[in-house]
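*Asks:* pasting the structure only:
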């Protein structure tokens, strides 16, 4: 409902205590530490060791995180979808030497992973060698023999498809002897013997025939022994790989430790970042930050254990404290919608609660369907259960769960049950004709108020009415806020004329819409009478607007300009109001697509196969419809808040309150060190 | 002349409307999705892990095609093509359905392509500032409103038209 009052914390302590103090404040999660602005030239800042500490922690953190991702596939822990949370006491953890153990596990993992990579590379190398040996298995000379004093022995391959008989014949014509060792689809593998003197001539012949020389490394020996030796090596590698995998599996037993250590290291990095904001000399340190007023006692209590001087003060003139929204359980879940736009300025009005009510209603109107609403709520609640998400995501899921409830309520009011599924079933499966007019079918298809598809004009009027209430609420907030700032007359003058105008238009509405045939109520003579009065009320509103809008401005020209500006603003109010017709647009689209899905389903053929096909069409269609419309509904419900509602009063630009806190990716701190 | 009148029957005009709604909105979606998907290819060549987050942006311009399909379906149904009564449809009645298809046909065509421009820009947001991708999605979904409005009017014309 309101913004938390902030107090400024200034603290002077011994340098030796800085780490303990910062960590203590982080555990409290209620101090937004800010950089100290002071004349640094007068002091000798000393923060090199913090830099050093941060670098070391970051290095270890990278190692631990790499180990976590490498070991996760080997873990035998029960699988979860979401965040795994260990409850941990950091002091006890390090006292038991668990942190050292975790680091050593991380290092061992790193070494093992490195070794596995080496082995895998070696394995590929041996496999390639084995492949190159295969064509030569029938060859009975050592593979690395390259001839005698006068002759050359050259191994190599001719392209596949070469005629071997012709080739050997051609070789002997060139004065060489070819020994065809093997032949496959990769080529002809031939050992060629020739005199050293014939080298040049044969080189030409080889080039022409596409001969590729093959050279085995020194010491290869006969193909059979080389093959056996390589196979043996491969066996050894395989065994070692199995060992490594075993080792990784063993190391994965300590995954919990690694996860805890990862969070602790991240907390250290974070603490270093916080410490860098302090003004620190060799002996003492100055800390400055913001604390919500309600938590100042807790902070002072925690600090009393240290030798330090601290001071809690009000924000000074020109200082802009951070903004922490404080709302009830319902509205808290909608805070992030505000966060996506911009937080209100410190000291301004926090509209979260009122906005959350309108968001709830408008979301429901845009997606009025009992089935879809309950599906949405169920998905979100199951999501919270399975994912065990951090607070921000948790609130977002709760918000959509609440919006699902709103959809369900609106679905009852406006007759949406997976579109027109109940009447579609009655007509197609139960064979009841004209089901919409039967009592039960009437309830399901018409809802309690109207069905937007059959009575879309009435629903348009309803959308605009919601818009009018929404806009008037925004103006009312503006009225109160301006009044509170000490301008009651300006506040009244810039709001009331619009309301008089609205009242006039409302009186005219039944006659206007009824006359256009938009309302299916039977016209009543009172409508015309109301419209007669409304005409004058609306006119009075316009005149009042011109007369009063400029009140408070300087001089006659200021007043006149204000009044004309007021008249001009009617255009933007009209467009604001019409903007609410998107409620009808989104509501109808969801409903009509649902009907089409039900129609498609009803076209399914008979028999078991047909029934299953129908079921698939039904489920896929409705899931698709939810997916398409959910995003649109979320965005446009938010837009109506941001542009139309906030435009009437909102002062944005607040700096969100971000307290220093320990990392919570895997852990939850259970206890402070006991005294 | 007889040839022309035999082609432009009420039923054929209504079917033409259904075809135009599916075609144009479908072309828009196909072009839009491919545009965003191409931008995504650049992203995943750098960082394949972001593919999941990019899917929503890729899927955004798909909806116009679905809207076209829904419209076409409603035309086929209301013009009586499904139950075989469409042969009784007058030429003017068929033309009415053809015109009713136009808002979503052109609204879908243009908004899908323009939405894809915004979504493709969102892909580069995803590359540089992954945390802000939600805002890029929201920007892109604003463009969608005009396809929704086109669909709304097309559907209202189809549903409430008193056509003999």
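*Replies:* Yes, it's here. Keep in mind the model is a prediction, meaning the values are calculated, not measured.

*Asks:* middle-most residue in chain A, spatially?
*Replies:* Geometric centre of chain A, nearest residue: residue A:393, 8.6 Å, by Cα atoms, centre = their mean.

*Asks:* And the host helix or strand of that residue, what's buried?
*Replies:* Assigned by DSSP states H and E, residue A:393 belongs to helix A:391-414. Neighbour counts over helix A:391-414 (16 or more other Cβ atoms under 10 Å in any protein chain shown) mark A:393-414 as buried. No exception for glycine: its C-beta is placed from N, CA and C like everyone else's.

*Asks:* Report how many residues lie close to residue 27.
*Replies:* Chain wasn't specified; assuming chain A. Neighbour count for residue A:27, taken as other Cβ atoms under 10 Å in any protein chain shown: 17.

*Asks:* nope, chain B
*Replies:* Look at residue B:27: counted by other Cβ under 10 Å, it has 18 neighbours.

*Asks:* What average pLDDT does the helix holding residue A:393 get?
*Replies:* Mean per-residue pLDDT for helix A:391-414: 95.

*Asks:* now it, how far from the chain's geometric center?
*Replies:* 19 Å (Cα atoms, centre = their mean, to the nearest Å).

*Asks:* quick one: is the helix or strand that comes right after it near chain B?
*Replies:* Counting by DSSP H and E, the next helix or strand C-terminal to helix A:391-414 is helix A:421-428. No: Helix A:421-428 does not reach chain B (Cβ under 8 Å from any Cβ of the partner chain); its nearest approach is 13.2 Å.

*Asks:* Counting by contacts, list what helix A:421-428 packs against.
*Replies:* helix A:439-446, helix A:581-602 (3 or more Cβ pairs under 8 Å, 6 or more residues apart in numbering or on different chains; DSSP states H and E).

*Asks:* Most tightly packed of those helices?
*Replies:* helix A:581-602 (a mean of 23; mean count of other Cβ atoms under 10 Å in any protein chain shown).

*Asks:* and that helix, does that touch chain B?
*Replies:* Yes: judged by Cβ under 8 Å from any Cβ, helix A:581-602 comes into contact with chain B through A:582, A:584-586, A:588-589, A:592-593, A:596, A:599-600.

*Asks:* could you check the angle helix A:391-414 makes with that helix?
*Replies:* 80 degrees (axes from the mean of the first three to the mean of the last three Cα atoms, to 10 degrees).

*Asks:* Can you list the low-confidence ranges for the chain?
*Replies:* The chain I'm using is chain A. A:1, A:38-45, A:515-522, A:604-605, A:671-675 (pLDDT under 70).

*Asks:* my bad, the chain I had in mind was chain B
*Replies:* Within chain B, the stretches with pLDDT under 70 are B:163-164.

*Asks:* got the residues of it near chain A?
*Replies:* Checking chain B against chain A by Cβ under 8 Å from any Cβ, the hits are B:56, B:60, B:63, B:66-67, B:70, B:73-74, B:77, B:82, B:134-135, B:137-138, B:141-142, B:144-145, B:148-149, B:151-152, B:155-156, B:159.

*Asks:* Would you map the helices across chain B?
*Replies:* Per DSSP state H, chain B carries helices over the ranges B:2-7, B:10-46, B:51-59, B:63-78, B:91-128, B:133-160.

*Asks:* any idea which element the residue of the stretch 251-400 of chain A found nearest chain B lies in?
*Replies:* The stretch 251-400 of chain A approaches chain B most closely through residue A:340 (7.1 Å), counting by Cβ to the nearest Cβ. According to DSSP H and E, residue A:340 maps onto helix A:335-341.

*Asks:* Give me the buried stretch members for that helix, please.
*Replies:* A:335, A:337-338, A:341.

*Asks:* strand partners of the helix or strand that comes right after that helix, parallel vs antiparallel please.
*Replies:* Going down the chain from helix A:335-341, the next helix or strand is strand A:343-344, by DSSP H and E. Counting by DSSP bridges, the strands paired with strand A:343-344 are strand A:652-654 (antiparallel).
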